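Undergrad: fold the following.
(one chain, ligands or ions: 1)
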Amino acid sequence: MSDEAKGPRRVRYNGTHPKTFKDKYKELNPENYLEDVEKIMQQGKTPAGMHRSICVTEIMEFLKVVPGQVGLDATLGYGGHSLEILKCLPPHGMLYAMDVDPFELPRTEARLLALGFGEKEIVFKKMNFSEIDKVALESGPLDFVLADLGVSSMQIDNPERGFSFKIDGPLDLRLNPTTGKSAAALLKIIAPRKLAEVLYENSDEPHYEVITLAIMAKIAEGIAITTTTHLRETITEALVYLPEATRKEEIKKSCQRCFQALRIEVNNEFGVLDSFLEKLPYVLAPNARVAILSFHSGEDRRVKKSFQSLSRAGIYSEVAPDIIRASADECYTNPRARSAKLRWAIKS
Ligand SMILES: C[S@@+](CC[C@H](N)C(=O)[O-])C[C@H]1O[C@@H](n2cnc3c(N)ncnc32)[C@H](O)[C@@H]1O
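TA: Next up is the predicted model:
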């Protein structure tokens with residue numbers, strides 16, 4: 001075969017290990033390395049560049065998708081839930097698949113198209129789920145809706161996105177970096193009282209006062225906090241007074257909570273979830289099924305409150321009496337499943 005027929009050669013990195021995320025050809029194309037992926041998953045880990053869908057069995061058992069239905073996956077991500085749904089839809093069914101992430105959405109779209117699904121069964125929408133009403137104008141009443149809230153493993157793994165305190169990168173934290181303010185830009189202008197409120201209200205950060213003071217002191221000195229490492233170091237310095245025996249673990253938890261709190265703020269995650277929950281009943285067909293998977297008590301509280309009050313108003317005929325959790329087996333093989341809370345509702 002000529003070089004032209006083989007297509008362009010992959011640009012190789014120097015040395016034995018990829019140095020940057022962009023060099024990591026396996027992580028960026030896990031579907032081409034199925035043996036490696038399988039091995040990593042058997043070890044209870046998530047292969048980089050992939051997302052392991054959570055509570056798939058529980059969600060599919062509840063949604064009861066049947067051929068010919070029209071539904072929405074409001075948080076496409078890696079497309080794992082969508083893929084299971086797509087298997088149940090033909091003939092004549094249609095899945096609207098939405099994600100706000102302009103980088104991961106086309107990758108997932110390409111992956112699902114390569115698996116043989118086309119425009120007859122799936123429509124991709126780069127949209128925020130707070131705009132669910134706009135999709136319904138096109139789709140008509142929906143027979144089922146799934147929302148799997150939060151971030152995907154691909155977003156966390158990519159240092160450019162700034163989601164992880166463990167990897168150095170720009171302090172961005174936006175699900176859609178083409179719009180709004182990054183976390184770094186927010187920290188430059190946020191008032192101390194507001195920052196303290198964000199850390200406490202969004203993530204129950206117990207050390208919110210000292211961390212706020214440390215961030216504000218750096219900014220007052222003209223030291224910008226523009227990378228994930230800057231923020232992690234600032235939190236570490238602020239908590240240096242903690243007892244040595246528990247300090248390391250406490251700092252790790254505070255980093256997790258502070259990054260999460262800022263992520264919720266820059267993406268207005270509670271605000272868009274409230275809009276989604278408010279609009280939801282108006283886009284559902286009679287007897288439509290809704291499943292929402294959340295990973296944060298603030299999100300679960302909102303879902304629970306909305307489902308319960310709309311059930312009292314007779315808009316939902318039935319709602320999950322309790323949270324559904326991932327099975328022990330799933331939690332063992334995918335630790336992220338441990339914090340998942342699934343709730344469902346059925347439209348009257
Ligand atoms: C946990 S992942 C979903 C994983 C997916 N269920 C799967 O099986 O691969 C969450 C996804 O929701 C997206 N997302 C979060 N908030 C969103 C919003 N308000 N509107 C649309 N997509 C959102 C994120 O960009 C991310 O891709």
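
Undergrad: residue numbers of this structure in contact with the ligand?
TA: Residues of the chain lying near the ligand by C-beta under 6 Å from any ligand atom: 51, 53, 75, 77-81, 98-101, 104, 128-129, 148, 150-152, 175, 272. Heads up, the C-betas are built off the backbone N, CA and C, glycines and all.

Undergrad: restricted to helices, list these.
TA: Judged by DSSP state H, helices contain the following of the residues of the chain next to the ligand: 80-81, 104, 272.

Undergrad: before we move on, back to that, among the residues of the chain next to the ligand, name the buried ones.
TA: Buried members of the residues of the chain next to the ligand, counted by 16 or more other C-beta atoms under 10 Å: 51, 53, 75, 77-81, 98-101, 104, 128-129, 148, 150-152, 175, 272.

Undergrad: of those residues, which belong to strands?
TA: Those of those mapping onto strands are 98-99, 148, per DSSP state E.

Undergrad: out of the residues you listed, flag the one nearest to I85.
TA: D148 (11.8 Å; C-beta to C-beta).

Undergrad: quick check: the residue of the stretch 201-348 of the chain nearest the ligand.
TA: In the stretch 201-348 of the chain, the residue that lies nearest the ligand is V272 (4.4 Å; C-beta to the nearest ligand atom).

Undergrad: buried residues in the longest strand along the chain?
TA: The residue-count maximum for a strand in the chain (DSSP E) belongs to strand 284-294. Under the neighbour-count criterion of 16+ other C-beta under 10 Å, strand 284-294 has 284-285, 288-294 buried.

Undergrad: okay if I get the residues you listed as CSV plus distance to A326?
TA: CSV is the format used below for the buried residues of strand 284-294 (distance: C-beta to C-beta, whole Å):
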residue, distance to A326
L284, 26
A285, 28
A288, 24
R289, 19
V290, 19
A291, 13
I292, 14
L293, 9
S294, 12
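
Undergrad: could you identify the most distant pair in the residues you listed?
TA: A285 and S294 (23.7 Å).

Undergrad: and the residue of the stretch 151-300 of the chain nearest the ligand?
TA: Ranked by C-beta to the nearest ligand atom, the top residue of the stretch 151-300 of the chain for proximity to the ligand is S152, at 3.9 Å.

Undergrad: surely that residue touches L76?
TA: No: the pair S152 / L76 is not scored as a contact, 9.1 Å apart, by C-beta atoms under 8 Å.

Undergrad: shared neighbours of these two, anything?
TA: Residues touching both S152 and L76 by C-beta atoms under 8 Å, 6 or more residues apart in numbering: none at all.
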